[in-house]
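1. With the input below, show me the fold.
(chains A and B)
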2 protein chains.
Amino acid sequence: MTHLLVVAHGSRREDSNREIRELIEKLRLMTTRFAAIDCVFLEIAEPTIAQGLHQQIAQGAQQIVVMPYFLSAGRHVSIDIPEQVQRIRDIHPQIDIRIANHLGAAEKIRGIVLDLASLAI
Amino acid sequence: MTHLLVVAHGSRREDSNREIRELIEKLRLMTTRFAAIDCVFLEIAEPTIAQGLHQQIAQGAQQIVVMPYFLSAGRHVSIDIPEQVQRIRDIHPQIDIRIANHLGAAEKIRGIVLDLASLAI
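-> Next up is the predicted model:
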């Protein structure tokens, strides 16, 4: 039973946070590979990473993939998210919590940039 | 002669800004559809949107596609970038400057999230 937790930055604009929640609803329709797919926010909005991980563990998750929904491997991706995940690993050492590559690491992003730009011509 | 200008947020971490510049170098190798592909930064880093647009216009661009490299349609995408672009349109009304959809609007992003998450299992 692998659960997926998508981590977005979190915004003061509720519209931006809603975009992430809508993304999650679409992901749930696209795959049955994960027993659950949820989103959490690094800052500003809730649920937090800790809340999301605790909830998935309470639901019986044995393995959790944390997926940073960030374009850049900045401080949030390289330090903040790993630190917050490690705190939960320390509390629940029996749960296998892994951090996936951040979104911006995907080579396919390049093709999407060119597709969107070409559509504007 | 259409030029492409990718707008990223800009970071205090020079590594993050370098990621964007490396993305641009890869895009240049992927397509000949645009006479030039450059990047600019909304905040913190340079060149700015105005600098990038002025430079492409000086290079002979007749049409410029501005592509917001942002995941969320927040204030930066909905207000800040259009305002900065409009100022240059007002100075150069003969240049056709268009704003593409922001990166997060692409449906293909969803598949990339699931691909990256699956790779972590």
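
2. Let's test this: name the helix or strand in chain A with the lowest mean pLDDT.
-> None of the helices or strands of chain A scores lower by mean pLDDT, DSSP states H and E than helix A:75, at a mean of 88.

3. Locate residue A:25 within the secondary structure: which element?
-> Using DSSP states H and E, residue A:25 falls within helix A:14-30.

4. Name the residues of that helix that come out as buried.
-> Judged by neighbour count using 16 or more other Cβ atoms under 10 Å in any protein chain shown, the buried positions of helix A:14-30 are A:16, A:17, A:19, A:20, A:23, A:24, A:27. Placement of C-beta: from N, CA and C, glycine included.

5. from what I can see residue A:67 touches residue B:113, true?
-> Yes. In terms of Cβ atoms under 8 Å, residue A:67 counts as a neighbour of residue B:113; the distance is 6.1 Å.

6. Looking at the two, which has the bigger crowd around it?
-> Neighbours per residue, other Cβ atoms under 10 Å in any protein chain shown: of residue A:67 and residue B:113, the larger number sits with residue A:67, 26 against 23.

7. roughly how far apart are the more buried one and residue B:13?
-> Computed as Cβ to Cβ, to the nearest Å, the residue A:67 to residue B:13 distance reads 21 Å.

8. got it, and residue A:88?
-> Counting by Cβ to Cβ, the gap from residue A:88 to residue B:13 is 26 Å.

9. These two: who's more crowded?
-> residue A:88 (20 against 15).

10. these two touch, right, the more buried one and residue A:52?
-> No. Using Cβ under 8 Å, residue A:88 is not in contact with residue A:52; the gap is 9.4 Å.

11. Would you map the helices across chain A?
-> Using DSSP state H, the helices found in chain A span residues A:14-30, A:49-58, A:75, A:81-91, A:108-119.

12. if we can go back for a sec, touching both of residue A:67 and residue B:113, which residues are there?
-> Counting by Cβ atoms under 8 Å, 6 or more residues apart in numbering or on different chains, the shared contacts of residue A:67 and residue B:113 are A:6, A:103.

13. Right, I'll leave it there.
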